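Chemist: Provide a 3D model corresponding to the input given below.
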Amino acid sequence: MNTFGWRIALLVGCMGLMASNHPVFAQQKSQPSFIDQAISKSQPKMVKVFGASAGKVEGFATGIIVSKDGLILSSQGVFLDGRQVKVVLADGAEHIATILKRDRETQLSLLKIQAVTPSFFELSADSVGKKGDWVIALSNAFKVADKDEPVSAMLGVISLRTTMEARLTKRDVAYRGELVLIDAITSNPGASGGAVITPDGRLVGIVGKIINSSETNTRLNYAVPTQVLHEFVAGKASVNGEAQPVMEQQDVEFGVVLFKLGGRNNPAYIDRVVRGSPAAKAKLKSDDMIVSIAGEKIGNLKDYAESLKSLRPEEEVLMIVKRGVEMVRVRIAPRLKK
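Modeler: Below is the predicted model of the structure:
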């Protein structure tokens with residue numbers, strides 16, 4: 001594998017950093033190793049996560065260790081479809097992780113491995129970093145590592161701290177809550193769950209799950225801030241004790257029957273709308289093609305089935321369908337499957 005991938009990304013970032021005359025770098029022009037030190041210090045706290053497949057490709061993401069007894073934070077994704085996933089530590093050791101809990105609004109998941117993990121990130125209850133501060137994003141983007149290779153690194157700047165609901169309420173996104181916008185390109189496959197750190201190694205947050213806008217065909221580069229991570233871990237699971245198990249998944253439906261000719265890779269066209277169902281109330285129609293649900297792109301029948309697994313009964317989400325040449329947006333709440 002590419003053991004020097006992060007060094008290439010780092011070199012490109014450093015070139016821009018030198019040109020900027022930023023005070024942090026102005027003091028370090030003769031010894032830019034302070035960034036190397038932060039990366040080296042953080043690598044043992046990073047993990048690669050592998051799980052259920054997405055089509056023919058194994059699902060993969062990144063995670064961070066947040067306790068000495070094997071608690072790991074990551075994002076949500078197809079790799080969590082099973083109750084257990086594989087985690088690879090920085091030294092290449094492989095462990096089976098149990099999914100303790102996950103949260104749809106913050107798109108976070110908490111995993112646990114049976115191992116002692118002396119190197120871990122401290123989760124601050126207060127925000128770390130402010131607008132204009134330099135940050136380093138560490139992740140297993142594009143699956144550059146699968147054993148003991150280091151994860152990749154990119155330099156960036158905190159562009160803004162905001163809340164998703166306040167600024168993007170009309171966008172088709174699943175994430176709700178505080179976030180840190182950064183100018184490093186983190187919206188790549190496998191990057192979600194990676195660490196965003198300061199040049200001195202403090203955790204700013206973790207790379208959020210990819211958010212697509214089906215209207216503008218753009219992606220958001222952001223981190224879930226450390227205070228949100230702290231609340232998520234402390235909420236129903238103790239860092240030092242036994243966490244509560246994941247709630248059993250509830251099967252939900254919208255009340256549509258999809259065309260199934262040709263297999264699961266076909267687009268999600270609606271064949272029939274069940275009378276009195278959420279789909280009927282939302283005025284969905286036969287021949288509508290489902291494009292996205294709660295910010296998740298729906299490319300085929302498999303995507304549709306996967307999207308239902310993360311939805312809660314009676315919780316309204318945004319669905320976008322293609323009706324002829326028109327894109328129609330509807331608010332719809334799934335019901336328990338009958």
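Chemist: now the helices: where do they sit in the protein?
Modeler: Ranges of helices within the chain are 5-20, 23-26, 33-42, 164-168, 226-236, 278-281, 301-308, based on DSSP state H.
Chemist: what pLDDT, on average, does the second one get?
Modeler: What that stands for is helix 23-26. When pLDDT is averaged along helix 23-26, the result is 38.
Chemist: How about stretch 314-330?
Modeler: On average, stretch 314-330 scores 92.
Chemist: got the end-to-end distance for that stretch?
Modeler: Its first and final residues considered, stretch 314-330 spans 15 Å by C-alpha to C-alpha, to the nearest Å.
Chemist: do stretch 280-300 as well
Modeler: Terminal-residue distance, stretch 280-300 (C-alpha to C-alpha): 21 Å.
Chemist: Can you show me the CA trace of stretch 223-235 as CSV?
Modeler: What follows is stretch 223-235, C-alpha atoms only, in CSV (Å, rounded to 0.1, in the frame of the first residue of the first chain):
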residue,chain,number,x,y,z
ALA,A,223,-16.2,18.0,10.9
VAL,A,224,-18.5,17.1,13.8
PRO,A,225,-17.0,19.1,16.7
THR,A,226,-15.5,17.5,19.7
GLN,A,227,-18.1,18.8,22.1
VAL,A,228,-20.8,17.0,20.1
LEU,A,229,-18.6,13.9,20.2
HIS,A,230,-18.3,14.2,24.0
GLU,A,231,-22.1,14.5,24.4
PHE,A,232,-22.7,11.5,22.1
VAL,A,233,-20.3,9.2,24.0
ALA,A,234,-21.4,10.5,27.5
GLY,A,235,-25.1,10.4,26.7
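Chemist: hmm, who's touching it?
Modeler: By C-beta atoms under 8 Å, 6 or more residues apart in numbering, the list of residues contacting stretch 223-235 from outside reads 66, 71, 73, 103, 106-108, 110, 123-128, 135, 137, 161, 175, 177-180, 182, 186, 196, 203-208, 239. For every residue, glycine as well, the C-beta is placed using N, CA and C.
Chemist: Just the buried residues of these.
Modeler: 66, 71, 73, 103, 106-108, 110, 123-124, 128, 135, 137, 175, 177-180, 182, 186, 196, 203-208, 239 (16 or more other C-beta atoms under 10 Å).
Chemist: OK, contacts around Val256?
Modeler: Per C-beta under 8 Å, 6+ apart, neighbours of Val256: Ile270, Asp271, Arg272, Val273, Val274, Ser277, Ala279, Leu284.
Chemist: Which of these ranks first by neighbour count?
Modeler: Ala279 (26 neighbours; other C-beta atoms under 10 Å).
Chemist: so how far is Asp200 from that residue?
Modeler: In this view, Ala279 and Asp200 are 52 Å apart by C-beta to C-beta, to the nearest Å.
Chemist: same check, this time on Ser124
Modeler: 13 Å.
Chemist: the domain parsing of the protein - what is it?
Modeler: 5-236, 252-336 (automatic domain parsing).
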